[in-house]
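In: have a look at this prediction, sequence included:
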Amino acid sequence: MPVSPRIGLVGSQGAYGRWLRRFFEQRMGLQVWGRDPVGDTALSERALLEEVDVLVFCAPIRQTPEVIRHYADIAAGIERGQLWLDITSIKAAPVAAMLSSQAEVVGLHPMSAAPKSATLRGRAMVVCEARLDAWRPWLEAFLAASEADCVRAEAEQHDRVMALVQGMVHASHMVQGAVLRELAPDVGGLDAIRPFASVGYELDMAVMRRMLASNPAIYQDIQFDNPHVAPMLERMSAQLDKLCDLVWRGDNVARDQLREQLLERSRDYAGKQSVAEGSYAFERLGYLLADLREPRFISVFLPLDRPGSLRALLSVFEQRGINLDSIHSSRSADGELLFRIGVSRDGDATALQDAVRAIEAEGIGRVLEASGIA
Ligand SMILES: NC(=O)C1=CN([C@@H]2O[C@H](COP(=O)(O)OP(=O)(O)OC[C@H]3O[C@@H](n4cnc5c(N)ncnc54)[C@H](O)[C@@H]3O)[C@@H](O)[C@H]2O)C=CC1
Ligand SMILES: O=C(O)C(=O)Cc1ccc(O)cc1
């Protein structure tokens, strides 16, 4: 195996293609070639195959099995000794297509959109080892460099699980979006609803709007191209029909049935500990949302990544007698690590303005946003 394999990206101009190029070049110090019908056609498909040791398919879900089979056809044997990977959200069909080649084959599925950070730290990644031999040590090094929380699975098992983790979650949020579109106008529209929001509504709206802000082809293809999704949708629909029937019936027996069938049984199935953990996670998210809603805050980027830099920042507030309500480390829209400091509402605005000036003047940090202190 080459110590520094040459990497090829099929779909190099897409969101993940661009992220992977940066990752392989900057984190792993490898040379990367790409091909994409939109904007990266310098190399022919055959030339790309001849150039690389590792080929990564990062093309749209719907096209990927066909694209892989096409590459296997034109490779016609030169791929022996190569490693083929893909990152498609569905695994059985792409992995089967890669197995039609003579390359070693591993299917991957990072469980997040291409992040703003340099690695996949803190995110899950499913790894489907389909035909792996000589490339195993390199694969392990690559997975370690990705910093993802890797979970091994057969491709088929992956797709069954994803019908729930993605198919079900996406379906319920798409349906919520459609129901809101039908019914929200009767109560004054989305803006009129907002002040009434519960934590649950806010979290669901965040998921839904995140989906609406993302590439629609992904959500479309996850519903249509994972064969385990349609049967799951039937179960969802049956459960919703049942709920609807019970609520229309409206008698005490129906009430008891709702409680028993849609709450108590699921609670027993999940188990005491996981219910308690989930409930606590919800509570913590509620506090986080409350902090993020507070109108008075300062967001600071700390350029010095060294021990004590947060302390220097906090001392600016301490010296001015300013009480802090919350501190959260977060990321700007561009992915810069920053601290968001919530400041007591009854504090002195002049002292706060002075603190902002001091943070900049003393070179402690860069204030990206200062809200509610004018
Ligand atoms: N965006 C996400 O949230 C996640 C995406 N993925 C997977 O990553 C893959 C790519 O997703 P994105 O980068 O978000 O999509 P994207 O649409 O941004 O990029 C796909 C790229 O593939 C190119 N392409 C289309 N046909 C091609 C062909 N025949 N040969 C070579 N390239 C071709 C397109 O021109 C485009 O540049 C998908 O399979 C998706 O399931 C996995 C996890 C998360
Ligand atoms: O909607 C989700 O589940 C996401 O968090 C984004 C996403 C979309 C597609 C994937 O294959 C993996 C993650």
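Out: Arrived safely. Ligands and ions are numbered 1, 2, ... in the order given.

In: mind showing which ranges of the stretch 1-150 of the chain have poor pLDDT?
Out: In the predicted model of the stretch 1-150 of the chain, no residue satisfies pLDDT under 70.

In: what secondary structure does the residue in the stretch 51-200 of the chain that ligand 2 sits nearest to sit in?
Out: For the stretch 51-200 of the chain and ligand 2, the shortest gap (C-beta to the nearest ligand atom) falls at Ser89, measuring 3.2 Å. All C-beta spots, glycine's among them, are computed from the backbone N, C-alpha and C. Three-state assignment for Ser89 (DSSP: H, G, I helix; E, B strand; the rest coil): coil.

In: surely it meets Met162?
Out: Yes - in terms of C-beta atoms under 8 Å, Ser89 counts as a neighbour of Met162; the distance is 7.0 Å.

In: before we move on, the earlier item: quick one: the residue of the stretch 51-200 of the chain closest to ligand 2 from Ala59, how far?
Out: When distance is defined by C-beta to C-beta, to the nearest Å, Ser89 is 12 Å away from Ala59.

In: these two: who's more crowded?
Out: Applying other C-beta atoms under 10 Å to Ser89 and Ala59 shows that Ala59 carries more neighbours, namely 26 against 22.

In: residues contacting the residue lying closest to the more buried one once chain neighbours are set aside?
Out: Counting by C-beta to C-beta, 6 or more residues apart in numbering, Ala59 lies nearest to Gly11, which is 3.7 Å off, once chain neighbours are set aside. Residues near Gly11 by C-beta atoms under 8 Å, 6 or more residues apart in numbering: 17, 36, 57-60, 67.

In: of those, which are in range of ligand 1?
Out: The residues of the contacts of Gly11 that also fall near ligand 1, by C-beta under 6 Å from any ligand atom, are 17, 36, 58-60, 67.

In: which one is Leu55 nearest to, not counting chain neighbours?
Out: Closest to Leu55 by C-beta to C-beta, 6+ apart is Gly8, at 4.5 Å.

In: now do the helix or strand encompassing the one you found: which elements does it pack against?
Out: According to DSSP states H and E, Gly8 maps onto strand 7-10. Under the contact definition 3 or more C-beta pairs under 8 Å, 6 or more residues apart in numbering; DSSP states H and E, strand 7-10 sits against helix 15-22, strand 32-35, helix 45-51, strand 54-57.

In: tell me which residues are up against that strand.
Out: Residues contacting strand 7-10 (C-beta under 8 Å, 6+ apart): 17, 20-21, 24, 30-36, 48-49, 51-59, 67, 71.

In: repeat that for stretch 39-54.
Out: 1-2, 5-8, 10, 12-13, 33-35, 55, 70-71, 74-75, 78-79, 81-85, 135, 138.

In: now, of the residues you listed, which are buried?
Out: Buried members of those, scored by 16 or more other C-beta atoms under 10 Å, are 5-8, 10, 12-13, 33-35, 55, 71, 75, 79, 82-85, 135, 138.

In: these: which ones sit near ligand 1?
Out: Checked against ligand 1 using C-beta under 6 Å from any ligand atom, these give the following subset in range: 10, 13, 35.

In: can you put those in JSON lines and add distance to ligand 2?
Out: What follows is these, written out as JSON lines (distance: C-beta to the nearest ligand atom, whole Å):
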{"residue": "Val10", "distance to ligand 2": "17"}
{"residue": "Gln13", "distance to ligand 2": "18"}
{"residue": "Arg35", "distance to ligand 2": "22"}
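
In: which neighbours do Ser89 and Met162 have in common?
Out: Among the neighbours of Ser89, those also in contact with Met162 (C-beta under 8 Å, 6+ apart) are 109, 222.
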